[in-house]
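In: next comes the sequence, and after it the predicted model I'd like to discuss.
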Amino acid sequence: GNSVTQMEGPVTLSEEAFLTINCTYTATGYPSLFWYVQYPGEGLQLLLKATKADDKGSNKGFEATYRKETTSFHLEKGSVQVSDSAVYFCALREKDSSYKLIFGSGTRLLVRP
Amino acid sequence: NAGVTQTPKFQVLKTGQSMTLQCAQDMNHNSMYWYRQDPGMGLRLIYYSASEGTTDKGEVPNGYNVSRLNKREFSLRLESAAPSQTSVYFCASSRGEGATNTEAFFGQGTRLTVV
């Protein structure tokens, strides 16, 4: 079945460091891909998305590019801030009639001042 | 707009008790979902409703039942709670099939402890 694999955390960085969180997927067809962020004690919020191959999603300095050839959707940010500390989830949406969202296990990011 | 509203926010149950988690959305979305979040496991789909009048099992449906009461509401019922059901439960909704904007919106979660 379809699945999403993320790098394990926690990822600990100093402020202004470069961030990469790896995400690869397995799917039949061409799903839509998402990154969600969860701040402590809150629900998930959409960070960015891409709906077809080579699309680049971006928001709040974060970027991810839908790579069909490598089945990847890695999250990057050039300079992280303490306020970026959160758990990040990669997800895919099947384009069958169910439109189910399938999540990776999440990666905790801790940014130190 | 309230978005997706879940109640209650916290609950403690004894083993064998039953309860219903409520979820309502005010965005006129077709699809609704129930997930559970456990440490190191990400979010796992329990049940979903692709549209009003339909429900289907997700990855981990055992021990749960759902009702899509109308387009707005989607409830999750635990008939006989077990300690393994201790988790944080999230309800979500999305526009569903045919929509170009397929973002899902999440509630704030229900933290359930079964003792």
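Out: That came in fine, so what should we check first?
In: over to the most centrally placed residue in chain B. Which of the three states is it?
Out: Centre of chain B computed as the mean C-alpha position; nearest residue by Cα atoms, centre = their mean is B:Trp34, 2.6 Å away. Of the three states, B:Trp34 takes strand according to DSSP: H, G, I helix; E, B strand; the rest coil.
In: mind listing what it touches?
Out: With Cβ atoms under 8 Å, 6 or more residues apart in numbering or on different chains as the criterion, the residues that contact B:Trp34 are B:21, B:23, B:45-48, B:58, B:64, B:66, B:74, B:76, B:89-92. No exception for glycine: its C-beta is placed from N, CA and C like everyone else's.
In: for A:Asn22, see how far away B:Glu79 is.
Out: B:Glu79 is 40 Å from A:Asn22, where distance means Cβ to Cβ, to the nearest Å.
In: compare the two (neighbour count), which wins?
Out: Under the criterion of other Cβ atoms under 10 Å in any protein chain shown, the comparison of B:Glu79 against A:Asn22 puts A:Asn22 first, with 16 against 12.
In: the more buried one and A:His74 touch, don't they?
Out: Yes: assessed by Cβ atoms under 8 Å, A:Asn22 is found in contact with A:His74 at 5.2 Å.
In: isn't there a helix covering B:Ser84?
Out: Yes: under three-state DSSP, B:Ser84 falls within a helix.
In: what sits against it?
Out: So B:Ser84 contacts B:63, B:114 (Cβ under 8 Å, 6+ apart).
In: and it, how far from B:Arg44?
Out: Look at B:Ser84 and B:Arg44: by Cβ to Cβ, they are 13 Å apart.
In: related to what we said a few turns ago, return only those of the contacts of B:Trp34 found close to chain A.
Out: Restricting these to those near chain A by Cβ under 8 Å from any Cβ of the partner chain leaves B:45, B:48, B:58, B:90, B:92.
In: okay if I get those residues as JSON lines plus secondary structure, neighbour count and pLDDT?
Out: As requested, these are exported to JSON lines (DSSP: H, G, I helix; E, B strand; the rest coil; neighbours: other Cβ atoms under 10 Å in any protein chain shown; pLDDT from 0 to 100):
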{"residue": "B:Leu45", "secondary structure": "strand", "neighbour count": "21", "pLDDT": "91"}
{"residue": "B:Tyr48", "secondary structure": "strand", "neighbour count": "25", "pLDDT": "92"}
{"residue": "B:Gly58", "secondary structure": "coil", "neighbour count": "19", "pLDDT": "90"}
{"residue": "B:Phe90", "secondary structure": "strand", "neighbour count": "25", "pLDDT": "95"}
{"residue": "B:Ala92", "secondary structure": "strand", "neighbour count": "26", "pLDDT": "94"}
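In: closest to A:Thr51 among those residues?
Out: Set against A:Thr51, the nearest of these by Cβ to Cβ is B:Ala92 (18.2 Å).
In: tell me what that closest one is bridged to.
Out: Per DSSP bridges, the residues bridged to B:Ala92 are B:Tyr33, B:Phe106.
In: my guess is it meets B:Gln108, correct?
Out: No: look at B:Ala92 against B:Gln108 with Cβ under 8 Å: they stay out of range, at 11.4 Å.
In: quick one: low-confidence parts of chain B?
Out: Residues of chain B meeting the criterion pLDDT under 70: B:1, B:97-101.
In: what is the burial count for the closest residue in space to B:Phe10 that isn't next to it in sequence?
Out: Nearest non-adjacent residue to B:Phe10, counting by Cβ to Cβ, 6 or more residues apart in numbering or on different chains: B:Arg111, 5.1 Å away. For B:Arg111, the count of nearby residues is 16 (other Cβ under 10 Å).
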